[in-house]
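Trainee: pasting the sequence and the predicted coordinates here, then a few questions.
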Amino acid sequence: MLKRSIENLGNRAIQAVWRIGFAARFFVAVLLHSGTAFRRFGLTIREMYFTGVLSLIIILVSGLFVGMVLGLQGYETLQTYGAEEALGILVALSLVRELGPVVAALLFASRAGSAITAEIGLMKATEQLSAMEMMAVDPIARVVAPRFWAGVISMPLLAALFSAMGIFGGYLVGVQLIGVDEGAFWSQMKSAVDLEQDILNGVIKSVVFGVAITTIALFEGYDAPPTAEGVSGATTRTVVTSSLVVLALDFVLTAFMFRGLN
Amino acid sequence: MQNDNLVEIEDVEFGYGDRPVLKGITLSARRGQVIAIMGSSGCGKTTLLRLIGGQIKPGQGTVRVAGESLGELDEAGLYRLRRKMGMLFQFGALFTDISVFDNVAFQLREHTDLPEDAIRDLVLMKLHAVGLRGASHLMPAELSGGMARRVALARAIALDPMLVMYDEPFAGLDPISLGITGNLIRRLTDTLGLTSLVVTHDVQESLKIVDYIYFVSEGVIVAEGTAAEIRASDLPYVHQFVHGEADGPVPFHYPAPPYADDLRRGKQRA
């Protein structure tokens, strides 16, 4: 019994290490075969429509509501200290530094990541990838790489739109509904938000998240067993793994970026 | 001088993990012929096609297509050779997000610099050859199984390949589609000067159209010959296969302990 448990554990560890190694090789192969994605940029733009444009609704609506909640909660806390005019700073920094990249990434993983995995997995299950290979067309270059770059380009744009919508939501609640001074809201935000420390770092975060989510989604689809159960399992793994990786990466990046900032 | 054989497989062995699938297969396909590879499900027929297409590499032996040994080709060489091959997958494997027209045009757009007008003419010509010119605007989801396979055939011959491989082209087709598909394979082979390799277990339909047949069982070639020779064969395996007998060298029962022992064990448990 004990021996079998140890064997199972060892087996799982070997499988996990094998998958990580395979995923790393897959990532390198995608980078090496990215020429087509740029030479025929139309392919990448087409995928940006599916991953980016079709994710807009969920990103914009979520951004608006997150900003509105931030406005309410922030005002509630700040007024205790008589600092309600700093609401603009709180909303903007929370969104640009953290919530924008992270929540947009989590939504992106659920909306676009799962769709990418399901599509690639089904293409594999229905032998479309094999057919492409037999037609002397490399599926990594033709199918995978354009989706990868579309995800990497879309993610920071979506995060920026999420933050913009969130700030607008905070403005609606803080200024229009509660009555915080409009001039103070915008001017304090403008003076406190730093282009390099805040906005650029937020963009870097969202690019890293975009690379991570798209790689995981594409790898899970490409590695999915060619069955209905296999594809559904891969789709679930994409959402779970991407979400955990985004949160873990966020901690690491935040620790490096904002360490020692005033 | 050009070799008469387009495909030559010599002493090929292949296995998935510890499970051997092919155990020393030697066969060849002459130019301009329709060759069938037959055998029961899981005997390694499709694996043979994947070896010829270079999608997998043999553990031992050599696979040659048009005189080129696939094992010695690098990736670029393999892709160059694949441009001269077409493959019809079991269920068509059409790209579901593009129309019938775009499916057939796919290779032309990927591998040639032809203007769109010329591509249109070529696609319509290929679709006309399989009788589906009128379906060029349809999406793959709107096609029946037989139509999807014909579109896939039009796509497979889009670049005028020298070799077309068919993976179970007759599986799941109604009698009309079955006849159409069989005739198309024969007609396209003759008119375009192709070599066709058909992997199938549909004996009756295949015997009508093929020039030569190989029977694969348990990873080895157990019989070969022309359609007439196969029909007349008294080899037990071939006889069972051609006449569709339930029992014979391929047993009806999956290996199991004696039935009486199983029943007795059940009673003891109860």
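Mentor: That came through, no problem. Numbering: from 1, shown residues only, chains lettered A, B, ... in the order given.
Trainee: report the contact partners of the nearest residue to residue B:146 once chain neighbours are set aside.
Mentor: In this structure, residue B:146 finds its nearest non-sequential neighbour in residue B:177, 2.9 Å apart by Cβ to Cβ, 6 or more residues apart in numbering or on different chains. In this view, the C-beta of every residue, glycine as well, is placed from N, C-alpha and C. Residue B:177 makes contacts with B:144-146, B:149, as judged by Cβ atoms under 8 Å, 6 or more residues apart in numbering or on different chains.
Trainee: any of those buried? List them.
Mentor: Buried members of the contacts of residue B:177, scored by 16 or more other Cβ atoms under 10 Å in any protein chain shown, are B:146, B:149.
Trainee: now pLDDT too, for the contacts of residue B:177, in JSON lines please.
Mentor: Formatted as JSON lines, those follow (pLDDT from 0 to 100):
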{"residue": "B:144", "pLDDT": "87"}
{"residue": "B:145", "pLDDT": "84"}
{"residue": "B:146", "pLDDT": "84"}
{"residue": "B:149", "pLDDT": "88"}
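Trainee: stretch B:54-71 close to chain A?
Mentor: Yes: using Cβ under 8 Å from any Cβ of the partner chain, stretch B:54-71 reaches chain A at residue B:55.
Trainee: could you measure from the most centrally placed residue in chain A over to residue A:151?
Mentor: The C-alpha lying nearest the average C-alpha coordinate of chain A belongs to residue A:105 (Cα atoms, centre = their mean; 2.5 Å). For residue A:105, the distance to residue A:151 equals 11 Å [Cβ to Cβ, to the nearest Å].
Trainee: which residues do these two both contact?
Mentor: Residues touching both residue A:105 and residue A:151 (Cβ under 8 Å, 6+ apart): A:210, A:213.
Trainee: backbone dihedrals for residue B:208, please?
Mentor: With angles defined as degrees, to the nearest 10, residue B:208 sits at phi -70, psi -30.
Trainee: correct me, but it touches residue B:182?
Mentor: Yes: Residue B:208 lies in contact with residue B:182 (Cβ atoms under 8 Å); the separation is 6.1 Å.
Trainee: between these two, which one's more packed in?
Mentor: A count of neighbours by other Cβ atoms under 10 Å in any protein chain shown puts residue B:182 above the other of residue B:208 and residue B:182, at 24 against 12.
Trainee: next, the buried residues of the strand or helix carrying residue A:30.
Mentor: Following DSSP states H and E, the helix or strand that holds residue A:30 is helix A:2-32. Buried residues in helix A:2-32, counted by 16+ other Cβ under 10 Å: A:23, A:26-27, A:29-30.
Trainee: with stretch B:50-63 instead?
Mentor: Buried residues in stretch B:50-63 (16+ other Cβ under 10 Å): B:50-55, B:58, B:61, B:63.
Trainee: give me the pLDDT for the residue nearest to the centre of chain A.
Mentor: If you check residue A:105, the pLDDT there is 96.
Trainee: setting aside sequence neighbours, what's the nearest residue to it?
Mentor: Per Cβ to Cβ, 6+ apart, closest to residue A:105 is residue A:209, 3.8 Å.
Trainee: I'd say that neighbour and residue A:103 touch.
Mentor: No: the criterion here is Cβ under 8 Å, and residue A:209 misses it with residue A:103 at 10.6 Å.
Trainee: neighbour count: those two, which is higher?
Mentor: Remark: of residue A:209 and residue A:103, residue A:209 carries more neighbours, 29 against 20, as counted by other Cβ under 10 Å.
Trainee: re the thing from before, redo the contacts of residue B:177 as TSV? Include secondary structure.
Mentor: As requested, these are arranged in TSV below (DSSP: H, G, I helix; E, B strand; the rest coil):
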residue	secondary structure
B:144	coil
B:145	helix
B:146	helix
B:149	helix
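Trainee: mind listing the strands for chain B?
Mentor: Taking DSSP state E as the test, the strands found in chain B are B:5-16, B:19-30, B:34-38, B:60-65, B:68-69, B:85-88, B:163-167, B:195-200, B:212-217, B:220-225.
Trainee: to residue A:224, which of these lies closest?
Mentor: With Cβ to Cβ, the closest approach to residue A:224 among those belongs to strand B:5-16: 17.9 Å.
Trainee: tell me which strands the closest one pairs with, and in which orientation.
Mentor: Strand pairing for strand B:5-16, determined by DSSP bridges: strand B:19-30 (antiparallel), strand B:60-65 (antiparallel).
Trainee: contacting residues around residue A:218?
Mentor: Listed by Cβ under 8 Å, 6+ apart, the contact set of residue A:218 reads A:26, A:30, A:116-117, A:120, A:144, A:147-148.
Trainee: again with residue B:95
Mentor: A:128, A:131, B:102-103, B:106, B:140.
Trainee: can you redo those residues as CSV with pLDDT, distance to residue A:48 and neighbour count?
Mentor: Below are those laid out as CSV (pLDDT from 0 to 100; distance: Cβ to Cβ, whole Å; neighbours: other Cβ atoms under 10 Å in any protein chain shown):
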residue, pLDDT, distance to residue A:48, neighbour count
A:128, 93, 21, 23
A:131, 92, 25, 24
B:102, 94, 20, 16
B:103, 94, 23, 27
B:106, 94, 21, 21
B:140, 93, 24, 21
